[in-house]
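[1] Mind looking at a prediction? Sequence and model below.
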Amino acid sequence: MIEFWVLAVILVVSAVWTIAASKPVYSVVALLLNFSALAVLYVTLSAEFLAVIQIIVYSGAILVLFVFVIALLSSGVAPFTLGPNRLPKIWMPGAIVVLVGLGFLVYAVSQAVPVGTRAPNGPVGAANVFGSVGDFGTALFTRQFLPFEVTALILMVAVIGVITLGGEQMHDAAPRGHERKVERAMREAILREGMD
Amino acid sequence: MAVSIDHYVGLAAVVFFIGVIGVIVRRNPLIMLMSIELMFNAANLLFIAFARVWLQNAGHIFAFLVITVAAAEAAIGLAIIVTTFGPERYVDVDDVRTLRG
């Protein structure tokens, strides 16, 4: 119980830090804290495999991608200075959103039922209990096989999309100029041949 | 007071709405993408909490799917940011006016 409240405070504080940080790199650090706390929370909910996946995929892959893009974009002089506030009336919808969310929150907490009334059928960390890697893998490859296939499709679409988006720049740079030069040389050679 | 499922619902709601506020208020596309990641994670927390309550690992499968979608979304979103805002430019989503009539 105490771990829930500690992790909840870490989650909320790091989430606020993420959206309030002045530089994107600070946001990435706060998001790393958030994801790590969330992974610990998954372990307390006996979702071991997803805790590991959270660390590997989110903290390991996605955040590194963010850091790379920040490094790529901030190679200029001062690209991340705060601009003028172009939405001066933003506090009104922001306040409405916050109040509606707090309404949901108060209603949810006021209706309390203890979590995990049925205990998992074994100790956390053992094989083939609820949430272990064996349990997850058995479900993923037998009953829930369609989501697994959809995952593969999503990843392939993402890879193709990223190559399509990023590949244009690479094609435009050196090879096309080289091609054009070769083409002109060939045309001149043909002309010279024709003159003779 | 024991921790109930509704504490998890409340925590997920708080994190989700922090993400919503980040998307609404911040003009930096990188921080907006990070706010979207926060919202994905709030949804994941709910999936896993309810999977624990009912001892059904279909919630785990769905959280796995959400993590995959988040990874694909981050990759494509960051590629769009890099191609839209070239290097050495001030980054602000209000400067993207291609779709404006």
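    Received, thanks. Being a predicted model, the structure only gives us computed values, none of them experimental.
[2] per-residue confidence for A:Gly166?
    What the model reports as pLDDT for A:Gly166 is 75.
[3] where's it, which helix or strand?
    Following DSSP states H and E, the helix or strand that holds A:Gly166 is helix A:145-172.
[4] need the next SSE after that helix, C-terminal direction.
    Read in the C-terminal direction, the helix or strand following helix A:145-172 is helix A:174-195, with elements assigned using DSSP H and E.
[5] got the CA positions of that following helix in CSV?
    Extracted C-alpha coordinates of helix A:174-195, given in CSV (Å, rounded to 0.1, in the frame of the first residue of the first chain):
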residue,chain,number,x,y,z
ALA,A,174,24.4,13.3,-53.7
PRO,A,175,23.3,10.5,-56.1
ARG,A,176,21.0,12.5,-58.2
GLY,A,177,23.6,15.2,-58.9
HIS,A,178,26.0,12.5,-59.8
GLU,A,179,23.5,10.8,-62.1
ARG,A,180,22.8,14.1,-63.8
LYS,A,181,26.6,14.7,-64.4
VAL,A,182,26.9,11.2,-65.9
GLU,A,183,23.9,11.8,-68.1
ARG,A,184,25.3,15.1,-69.4
ALA,A,185,28.7,13.5,-70.1
MET,A,186,26.9,10.7,-72.0
ARG,A,187,24.9,13.3,-74.0
GLU,A,188,28.0,15.3,-74.9
ALA,A,189,29.7,12.1,-75.9
ILE,A,190,26.8,11.2,-78.2
LEU,A,191,26.8,14.7,-79.7
ARG,A,192,30.5,14.6,-80.3
GLU,A,193,30.2,11.3,-82.0
GLY,A,194,27.4,12.6,-84.2
MET,A,195,29.6,15.7,-85.2
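[6] mean confidence score for it?
    The predicted model assigns helix A:174-195 a mean pLDDT of 72.
[7] List the buried residues in the host helix or strand of A:Leu50.
    For A:Leu50, the element it lies in under DSSP H and E is helix A:48-53. By neighbour count, with 16 or more other Cβ atoms under 10 Å in any protein chain shown as the criterion, the buried positions of helix A:48-53 are A:Glu48, A:Phe49, A:Leu50, A:Ala51, A:Ile53. Backbone N, C-alpha and C define where each C-beta goes, glycine included.
[8] May I see these arranged in TSV, with pLDDT and distance to B:Ile18 as well?
    Putting the buried residues of helix A:48-53 into TSV (pLDDT from 0 to 100; distance: Cβ to Cβ, whole Å) gives the following:
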residue	pLDDT	distance to B:Ile18
A:Glu48	85	27
A:Phe49	88	27
A:Leu50	90	21
A:Ala51	89	22
A:Ile53	90	23
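[9] Sort out which residues of stretch B:46-64 are buried, please.
    Under 16+ other Cβ under 10 Å, the buried positions of stretch B:46-64 are B:46-53, B:55, B:57, B:59-64.
[10] ok, which pair from those residues is furthest apart?
    Taking every pair in the buried residues of stretch B:46-64 and measuring Cβ to Cβ, the maximum separation is 18.4 Å, between B:Val53 and B:Phe64.
[11] Tell me which stretches of chain B form helices.
    Listed from the start of the chain, chain B has helices (DSSP state H) covering B:5-25, B:29-54, B:58-84.
[12] Can you tell me how far the most centrally placed residue in chain A is from A:Ile55?
    For chain A, the residue sitting closest to the mean C-alpha position, by Cα atoms, centre = their mean, is A:Ile62 at 4.7 Å. Taking Cβ to Cβ, to the nearest Å as the measure, A:Ile62 falls 11 Å from A:Ile55.
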